[in-house]
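Student: heads up, no residue letters with this:
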Ligand SMILES: [Zn+2]
């Protein structure tokens, strides 16, 4: 499995979550992907320019507003291989809107980004592709494209045996109800955990 860092983009816009959507769009410029960070500079979301445009349409005051609807995001270590995002505990994040993966340093700062397109290309290119990665690509694209929830579960059950578990990847989900940034080691869209908010315990996490 190839290292993700070799395929990642190292120059990308970094947008503070305190920015208004219009300021965020100005910072993003013509780039397609941007990393939104909290006040400590730690990533909270990998957003497409289109996500920032949608936040603008929603009329929120800043990207930190849960109503901004920033997508679920995948965060992995800079030494990760392709098997990390394509592990059974992380993979479903892409089916619920993760735009790719943010690679982070030991101090958790973003050092590279990979779009979902590029991650899928890694699965099919000549250097890295094997029968199992090609099977994974076919099953996963079928999963992403399927609108039928029953077929999706069937396709997913075909993918999961191809994947190992991930150890150093996490999924970031901003709770739409309270705004708490949840850090999950796995994501099952049909069985989400309680929100991790220390201030408002006891409510169910939902997806943005
Ligand atoms: Zn919450």
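Tutor: Perfect, I can see it now. None of the values given here were measured: they were computed from a predicted structure. Numbering: from 1, shown residues only.

Student: what's the spacing between the spatially most central residue of the chain and the ion?
Tutor: For the chain, the residue whose C-alpha lies nearest the mean C-alpha position (C-alpha atoms, centre = their mean) is residue 73; its distance is 2.5 Å. Using C-beta to the ion, to the nearest Å, one gets 16 Å for the distance from residue 73 to the ion. No exception for glycine: its C-beta is placed from N, CA and C like everyone else's.

Student: Residue 45 is in contact with that residue, correct?
Tutor: Yes: taking C-beta atoms under 8 Å as the contact criterion, residue 73 and residue 45 are neighbours in contact, 4.8 Å apart.

Student: got any residues that touch both of these two?
Tutor: With contacts defined as C-beta atoms under 8 Å, 6 or more residues apart in numbering, the residues shared by residue 73 and residue 45 are residue 172.

Student: Check what pLDDT residue 161 gets.
Tutor: pLDDT recorded at residue 161 is 65.

Student: just residue 96 next, same as before
Tutor: Residue 96 carries a pLDDT value of 89.

Student: Next, it: phi, psi?
Tutor: When quoted as degrees, to the nearest 10, the phi and psi of residue 96 stand at phi -110, psi 20.

Student: and it, what does it touch?
Tutor: Under the criterion of C-beta under 8 Å, 6+ apart, the neighbours of residue 96 are 72, 187, 189, 207.

Student: Residue 13 now?
Tutor: With C-beta under 8 Å, 6+ apart, residue 13 has these contacts: 27-29, 31, 34-35.

Student: Now flag whichever of the contacts of residue 96 is closest to the ion.
Tutor: In terms of C-beta to the ion, no member of the contacts of residue 96 lies closer to the ion than residue 207, at 11.8 Å.

Student: per-residue pLDDT, that closest one?
Tutor: For residue 207, the pLDDT comes out at 94.
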